[in-house]
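Trainee: With the sequence up front, the predicted model follows.
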Amino acid sequence: EVRLVESGGGLVQAGRSLTLSCAAQGFTLDDYAVGWFRQAPGKEREGISCISTTDGRSYYADSMKGRVTISSDTAKKTVFLQLNDVKAEDTAVYYCAAPNYGKSCPLIFTAELYDYWGQGTEVTVSS
């Protein structure tokens, strides 16, 4: 069974950095790429980044470029998302997901292209 488990959310002060983790269960990072999305209250789910260990590529949504870094530890089957200089508008539930493409990242950040989702980890940015 393919499962993803996010962790690392919580309350963070504006301007600080935050690293979220996504643990893969039931598969390896060579089987699926992993993407990150977020959903703020009252807003649609927004794509952030995706990484494929198979082809060594990572992708970032234009809105997040320069402030986020995605990385992975294949031995630990974990994908990380580092968010720098957090702002109030970063308050959201952050999800990781595996795409139905399998090993490659979809070239567009569309939630419908991802089949497997974690439960999410909530991030609240305080001023």
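Mentor: Everything's here; your move.
Trainee: Just want to check the distance between the residue nearest the centre of the chain and Gly66.
Mentor: The chain has Trp36 as the residue nearest its centroid, 2.1 Å off, counting by CA atoms, centre = their mean. Separation of Trp36 from Gly66 (CB to CB, to the nearest Å): 16 Å. Quick note: C-beta positions are derived from backbone N, CA and C, even for glycine.
Trainee: Which secondary structure state is assigned to the residue nearest to the centre of the chain?
Mentor: Using DSSP: H, G, I helix; E, B strand; the rest coil, the secondary structure recorded for Trp36 is strand.
Trainee: what pairs with it across the strands?
Mentor: Bridge pairing for Trp36 (DSSP bridges) gives the partners Ser49, Cys96.
Trainee: What separation do you get for it and Ala23?
Mentor: 13 Å.
Trainee: same question, Thr53
Mentor: Distance, Thr53 to Ala23, by CB to CB: 14 Å.
Trainee: about what we covered before: so for the residue nearest to the centre of the chain, what's the pLDDT?
Mentor: pLDDT, Trp36: 98.
Trainee: same check, this time on the one 4 residues further on
Mentor: Residue-level confidence at Ala40 comes out at 97, pLDDT.
Trainee: do Thr54 as well
Mentor: Thr54 is given a pLDDT of 89.
Trainee: neighbours of it, just the number please.
Mentor: Neighbour count of Thr54, defined by other CB atoms under 10 Å: 15.
Trainee: now Ser21
Mentor: Quick note: Ser21 (other CB under 10 Å) scores 17 neighbours.
Trainee: so where's this protein shaky on pLDDT?
Mentor: Of all residues in the chain, none has pLDDT under 70.
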